[in-house]
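**Student:** Below are the sequence and a predicted model; questions follow.
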Amino acid sequence: MKISFAPPYIDQAVINEVMDTLNSGWITTGPKVAALEQQMKQLTASDAAVCVNSWTSGAILMLKWFGIKEGDEVIIPAYTYCATALSVLHCGATPVIVDVDKDCCISAETVIKAITPKTKAIIAVDIAGWPCDYEQLKAIINKPEIKKLFVAESPKQKILGRILLIADAAHSIGATINELPASKYSDVSIFSFHAVKNVTTAEGGCICINLPACFNPAEEHRYLKLYTLNGQTKDAFTKSNGGGWKYDILFMGLKINMPDICAAIGLGQLRNYDAKLLPMRKRVASIYCDSFKTMDWFIEPPLKDEQRESSYHLFALRIKDISEAQRDQIIESIMSEGIMANVHFTPLPMLTLFKDLGYEISQYPSAYALYANEISLPIYPQLTDEQIDFIITTVISSVNAVLEHYKEPAKVEL
């Protein structure tokens, strides 16, 4: 049996939206993007939403919007995809990498220790769809002694008057905190619509803002839209609909807009997300947990507690007392049966770029431990009961076979 890891969900609703775009004769940024932004604004209960061509572009945009530059510092977790750090580097700033807690979220304790007068932002990462404790992070950055450290150097920094809190919400569309959209708890949430995400536009992303009342959401939306189109005052859709050809360039923007043909895919999925797609992902996760919980090696991933609930983007299976090498053997066994599996993520300090920049994995024991025993299993709406049962049976037999081979629990070493 061949089981893909994360195929996109393409049904007739998606096809209809795409065909509508193609038949309209307009495929770049236009009405579909506007509609997707409105849908995202509603889903996340945000003040404004701006679609872009990738999560990375959205992060670079928001860091630049805040005036982050060479000499500034942005605190990020070690346990994340490289784009979190690359967005900081592309702005000329320094990623200050800190360790994470056992739930994979950025450690508040390490954040406090990492804050300096150079700190301009924190990017917290919702791994696998599990939202960070943004209330705790907000409390930290609003402490009088922390705000006193903040050195405002750009117009936006002077308005905010403190560290900017960004949620790397690439995995967490639909996640909640206190039964509200998780995006309500950060200043900015940036979502990914990459092909493997819960909602996809093939490639793309969306910035959702919930800034304090000292900012005007409509003005920030307009400014960010201009920024995605090279700082141009009039987009092509406006000009084509009688807006005239004359335009101006107000500032040095970026060219990172999302086209309508991509937005159409996301619209077709997003309209069914809360009622259909998200519950189907939750169902798969529940079956996995119910099936694995009888195994003494099973570490249940964080999916729901009294305050938070995941978006069920990944099912991060973790196995007690195994080494990285044993984990890899288990994955090899699973994949030999036709089941595609993955690992999320290789911690940043283990990657060549960051090793060359001087980061050392030995300084991030929690991130390494979480990585070393993690296996991401397929979790998506199209999985049949037969496929789910096959995955469960294969995983259990593969794990047991490797553990039996080694007998004694292996020590995790950095």
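**Tutor:** Looks like it arrived, so ask away.

**Student:** what's the least confident helix or strand in this structure, going by average pLDDT?
**Tutor:** Ranking every helix and strand in the chain by mean pLDDT, DSSP states H and E puts helix 236-238 at the bottom, with a mean of 75.

**Student:** buried set for the following helix or strand past that one?
**Tutor:** Using DSSP states H and E, the helix or strand that follows helix 236-238 towards the C-terminus is helix 260-270. By 16 or more other Cβ atoms under 10 Å, the buried positions in helix 260-270 come out as Asp260, Ile261, Cys262, Ala263, Ala264, Ile265, Gly266, Leu267, Gly268, Gln269, Leu270. C-beta: built from backbone N, CA, C; applies to glycine.

**Student:** Tell me the one among the residues you listed nearest to Leu353.
**Tutor:** Each of the buried residues of helix 260-270 was checked against Leu353 using Cβ to Cβ; the closest is Cys262, at 28.5 Å.

**Student:** could you point out which element follows the top strand by length along the chain?
**Tutor:** Counting residues, the longest strand found in the chain (DSSP state E) is strand 119-125. Downstream of strand 119-125, the first helix or strand assigned by DSSP H and E is helix 134-141.

**Student:** list the helices and strands that next one packs on?
**Tutor:** helix 108-114, strand 119-125, strand 164-168 (3 or more Cβ pairs under 8 Å, 6 or more residues apart in numbering; DSSP states H and E).

**Student:** Looking at these, which is nearest to Gln38?
**Tutor:** Comparing the helices and strands packed on helix 134-141 by Cβ to Cβ, strand 164-168 comes nearest, at 20.3 Å.

**Student:** what sits against Ala93?
**Tutor:** Leu63, Ile68, Lys69, Glu70, Gly71, Asp72, Glu73, Val74, Lys120 (Cβ atoms under 8 Å, 6 or more residues apart in numbering).

**Student:** Can you list the helices and strands that the host helix or strand of the first one packs against?
**Tutor:** Secondary structure from DSSP H and E places Leu63 in helix 55-65. Under the contact criterion of 3+ Cβ pairs under 8 Å, 6+ apart, helix 55-65 touches strand 48-52, helix 82-90, strand 164-168, strand 188-192, strand 205-209, helix 217-227.

**Student:** change it to 10 Å
**Tutor:** strand 48-52, helix 82-90, strand 119-125, helix 155-160, strand 164-168, strand 188-192, strand 205-209, helix 217-227 (3 or more Cβ pairs under 10 Å, 6 or more residues apart in numbering; DSSP states H and E).

**Student:** Asn400 is nearest to which of those?
**Tutor:** Of these, the one closest to Asn400 (Cβ to Cβ) turns out to be strand 119-125, at 32.3 Å.

**Student:** Average pLDDT for the closest one, rounded please.
**Tutor:** Averaged across strand 119-125, pLDDT comes to 98.

**Student:** Name every strand pairing with it and say which way it goes.
**Tutor:** strand 73-77 (parallel), strand 164-168 (parallel) (DSSP bridges).
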